[in-house]
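Asks: Quick one: sequence and predicted model below, then my questions.
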Amino acid sequence: MELRHLRCLVAVAEELHFGRAAKRLHLSQPPVSLAIKELETELGLRLFERTSRHIQLTPGGEEALRDARAVLARTESMRQHAGNAARGHGGSLSVGFISLAAYSFLPDVLRRFTTDFPEVRISLHESTTDQILGDLESGTLDVGCIFASPLLPATLTYRATNRDPLIIALPQQHRLAHLARVPLERLADEQFLTFERHFGPMMFDTVVSTCMRHGFSPRIFPARQMHTIVSLVSGGIGVALVPACVEVLHREGVVYRPLRGDRTPVETGVAWRTEDDAPAVRAFIGYLPKALTRAR
């Protein structure tokens, strides 16, 4: 049994005329008649009662017609889903991201992408850059929003999306909170809140190297999440060097200030497997912004 048999059954049943059914199917009449005969032989029942004047479905033909319509409908649905997937309108997309991406470009990209591709199933996984890179290589993730990494595997492609200068997050009552720009060296005796190096080596190294350039080695109080760091600043536990995009975390008791004489950039971007030609991945990449450096 082939789909052509089912299409012929539906056409003849709806037209109740072999000639009109053949015209509808863009065929001559003999192939249509042959298809009905082959289908009757395979099913072992008569589908139509034929006279010289008209034809009509038998009770068995009525049952077969319902099944044929159901099969053809599922086939058309499969064809549409496959076409959507080929154009990036279907399938799934697994996105790993660091918290900074959620504070900058990722929400807007997801909003626009899901509006245009509502049938793509997206799963989001917050993680660290090193873990995301490993998951991209293994195929666990399709796309990764990460810190710029000098250790990018050769199998991955990377595109920068944001370059944010480091700024300082201070408790609102801090002695330097009134300054428009804060000299970092005046914070040498403070406790600096930042990622544990194991969970955020890029950010940890950037914070330490920036402080070293200003003449001191920072006393580190480690945390694992950016919102935790900002909350601890609010509680007066310490200060924090953070990318400018973190200002969207409006936490009571925290003020953000640019640094005097320093514009250390923190670059974030997106990585994916170079050889991955999945339509959903390629479509998602098309929504990424070009890297911009924030002015402070």
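Replies: Structure's in. What do you need?
Asks: In this structure residue 144 contacts residue 133, no?
Replies: Yes - with contact taken as CB atoms under 8 Å, residue 144 and residue 133 are classed as touching, separated by 6.7 Å. Placement of C-beta: from N, CA and C, glycine included.
Asks: Who has more neighbours out of the two?
Replies: Here residue 144 and residue 133 are set side by side on neighbour count (other CB atoms under 10 Å), and the busier one is residue 144, at 28 against 22.
Asks: any idea how far the more buried one lies from residue 130?
Replies: Here the distance between residue 144 and residue 130 works out to 11 Å (CB to CB, to the nearest Å).
Asks: now do residue 185
Replies: 31 Å.
Asks: Looking at these two, which is more packed in?
Replies: residue 130 (17 against 14).
Asks: Could I get the average pLDDT for the helix or strand where that one lies?
Replies: According to DSSP states H and E, residue 130 maps onto helix 129-138. When pLDDT is averaged over helix 129-138, the result is 91.
Asks: Check which helices and strands that helix sits against.
Replies: strand 92-97, strand 143-147, strand 156-171, helix 201-213, strand 265-273 (3 or more CB pairs under 8 Å, 6 or more residues apart in numbering; DSSP states H and E).
Asks: Just name the most buried of the ones you listed.
Replies: When you average the neighbours per residue for each of the helices and strands packed on helix 129-138 (mean count of other CB atoms under 10 Å), strand 143-147 leads with a mean of 26.
Asks: Partner strands of that one, with direction?
Replies: strand 92-97 (parallel), strand 265-273 (antiparallel) (DSSP bridges).
Asks: Residues contacting the longest one, please?
Replies: Okay, so that is strand 265-273. Strand 265-273 has contacts (CB atoms under 8 Å, 6 or more residues apart in numbering) with 98, 100-101, 104-105, 132-133, 136-137, 139, 142-148, 152, 155-166, 203, 206, 243, 281, 285, 288, 291, 293.
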